[in-house]
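Trainee: this one's structure only:
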Ligand code: UD1
């Protein structure tokens, strides 16, 4: 296990560069299996989720090489379509993308149920129903899902929930199917557009990504391409909120502001001093913050992935703030840790109420999931004295070089392996 020790209460500032998006890269890497030649991925974040996907690809006999600090070469022409067992899939949620990718290319995938953050029950029924609609047969053997098809045929698929994972997985399965697949009530997250663009640059015929209707005309062959991962809007949001709480002047660079409109609007409503340009955000802590209400929604609404970090910022805002979590049932675990640090918090059903401003106290706390971890990092940076965050491994799953980036901004932070 890794620990983060943070001496908080310092004013921070400077420039931070945002890395490639975890949720985009973790789909692009399994999607590379569909390529009949080889791909180069640029702006790939250096995080443990990527390392774990590379382990699975190499196990399948794909060639995966780091060609620079942030770029990967993947050749999947000689893949052996083997069973991907629980010891590999439980390390990350995105292991479920091997289902769609292997099914799409080989008409067979044997993959255990995915792991990932325990923020709710997180079923994958919509993914599997989508595969069945394309003509696949889905069977279970313990924790193992066996998906096979004689052939895959395009179909009209309506998603009961605009699920990110199901939308991507169905795209992956449909890209080489016969005929046309239409996904209705598709998720519209920017990461989905990034993945569709990747597949299209290999020769796929996908239109409508970024809207709620995606059309996929099946093709037989996918050629080589080079593709860039979009900037991570959740990492960017994390640093922007660190800036709003603690920085006399922070520049967050390499962002796509349109991907972050819901957050930027909410921060302005809170009174945060923030200025947005083409690819940068300037933010500081000069203004006093006001309480706000946040309701998590699918894109372009306020992302569930940002609400836990927002909860910490709310502890510094005057009045009673409210978070309504509508996507996952169990995404308030960070609030209990914040409570230990002195935050005034109440949870009623899917709503969290946070009364501020509160002077947070340092403590020994535990990250229960990735974004809860980020929420606690912000709290530890705010609190006077030394805070220890246990289970920091969660944070490393999704934040590239967080320790180095924060140190450069003036934080005192140490990562310890125990
Ligand atoms: C992805 C992101 C995660 C983000 C979430 C919502 C990745 C690897 N993870 O997770 O960071 O928080 O989107 O933006 O990209 N659902 C079902 N059945 C299904 C699929 C989903 O009921 O088959 C439900 C889920 O339980 C959840 C909701 O739909 O309540 C949305 O989930 P989904 O968009 O699929 O999230 P993930 O793909 O797991």
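Mentor: Perfect, thanks for sending it. Note that this is a predicted model, so its numbers are computed, not measured.
Trainee: burial of residue 150, as a residue count?
Mentor: 9 (other CB atoms under 10 Å). Using the backbone N, CA and C atoms, a C-beta is placed for each residue, glycine as well.
Trainee: what sits against it?
Mentor: Residues in contact with residue 150 (CB atoms under 8 Å, 6 or more residues apart in numbering) are 107, 135.
Trainee: give me the secondary structure label for it.
Mentor: coil (DSSP: H, G, I helix; E, B strand; the rest coil).
Trainee: ramachandran coordinates for it?
Mentor: Note on residue 150: backbone dihedrals following degrees, to the nearest 10 are phi -70, psi -50.
Trainee: and the gap between it and the ligand?
Mentor: Note on residue 150: its distance to the ligand, by CB to the nearest ligand atom, to the nearest Å, is 24 Å.
Trainee: repeat that for residue 80.
Mentor: Distance of residue 80 to the ligand, computed by CB to the nearest ligand atom: 25 Å.
Trainee: for the ligand, what are the nearby residues on the chain?
Mentor: Contact residues, the chain versus the ligand (CB under 6 Å from any ligand atom): 23, 26, 93-94, 120, 122-127, 161, 163-166, 187, 303-305, 327-328.
Trainee: which of those count as buried?
Mentor: Buried residues within the residues of the chain next to the ligand, counting neighbours by 16 or more other CB atoms under 10 Å: 23, 26, 93-94, 122, 124, 126-127, 163-166, 187, 303-305, 327-328.
Trainee: coming back round to it: among the residues of the chain next to the ligand, which are located in helices?
Mentor: Using DSSP state H, the members of the residues of the chain next to the ligand that fall within helices are 23, 26, 125, 126, 127, 164, 165, 166, 304, 305.
Trainee: can you tell me which two in the residues you listed are farthest apart?
Mentor: 125 and 305 (21.8 Å; CB to CB).
Trainee: now stretch 139-147: buried residues?
Mentor: 144, 145, 147.
Trainee: now do that stretch: everything it contacts.
Mentor: 83, 85-86, 99, 103, 108-113, 128, 131, 136-138, 148.
Trainee: how long is that stretch end to end?
Mentor: 6 Å (CA to CA, to the nearest Å).
Trainee: what's near enough to touch residue 380?
Mentor: By CB under 8 Å, 6+ apart, the contact set of residue 380 is 4, 6, 8, 362, 365, 387, 389.
Trainee: ok, residue 353 next?
Mentor: Taking CB under 8 Å, 6+ apart, we find residue 353 in contact with 320, 321, 322, 345, 346, 347.
Trainee: isn't the third one up against residue 350?
Mentor: The one in question is residue 322. No - look at residue 322 against residue 350 with CB atoms under 8 Å: they stay out of range, at 10.9 Å.
Trainee: that older thread, of the contacts of stretch 139-147, grab the buried ones for PyMOL.
Mentor: With 16+ other CB under 10 Å as the criterion, this PyMOL line picks the buried residues out of the contacts of stretch 139-147:
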select buried, resi 86+99+103+109+110+111+112+113+128+131+136+138
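Trainee: burial measure for residue 68, as a count.
Mentor: That count, for residue 68 with other CB under 10 Å as the rule, works out to 10.
Trainee: and it, how far from residue 44?
Mentor: Distance of residue 68 to residue 44, given as CB to CB, to the nearest Å: 10 Å.
Trainee: quick check, pLDDT for residue 307.
Mentor: Reported pLDDT at residue 307 in the predicted model: 98.
Trainee: what's the distance between it and residue 323?
Mentor: To residue 323, residue 307 is 5 Å away according to CB to CB.
Trainee: spit out the residues that contact those two alike.
Mentor: With CB under 8 Å, 6+ apart as the test, residue 307 and residue 323 both reach 294, 296.
Trainee: what about the helices in the stretch 101-250 of the chain?
Mentor: Taking DSSP state H, counting those that start in this stretch as the criterion, the stretch 101-250 of the chain carries its helices at 125-133, 164-174, 190-201, 233-246.
Trainee: what's the shortest one packed up against?
Mentor: The reference is to helix 125-133. Helices and strands touching helix 125-133, by 3 or more CB pairs under 8 Å, 6 or more residues apart in numbering; DSSP states H and E, are helix 97-106, strand 137-141, strand 144-148, strand 156-158, helix 164-174.
Trainee: any chance of CSV for the ones you listed, columns mean pLDDT and distance to residue 292?
Mentor: Shown next, in CSV, are the helices and strands packed on helix 125-133 (pLDDT from 0 to 100; distance: least, CB to CB, whole Å):
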stretch, mean pLDDT, distance to residue 292
helix 97-106, 97, 35
strand 137-141, 96, 43
strand 144-148, 96, 41
strand 156-158, 98, 34
helix 164-174, 98, 25
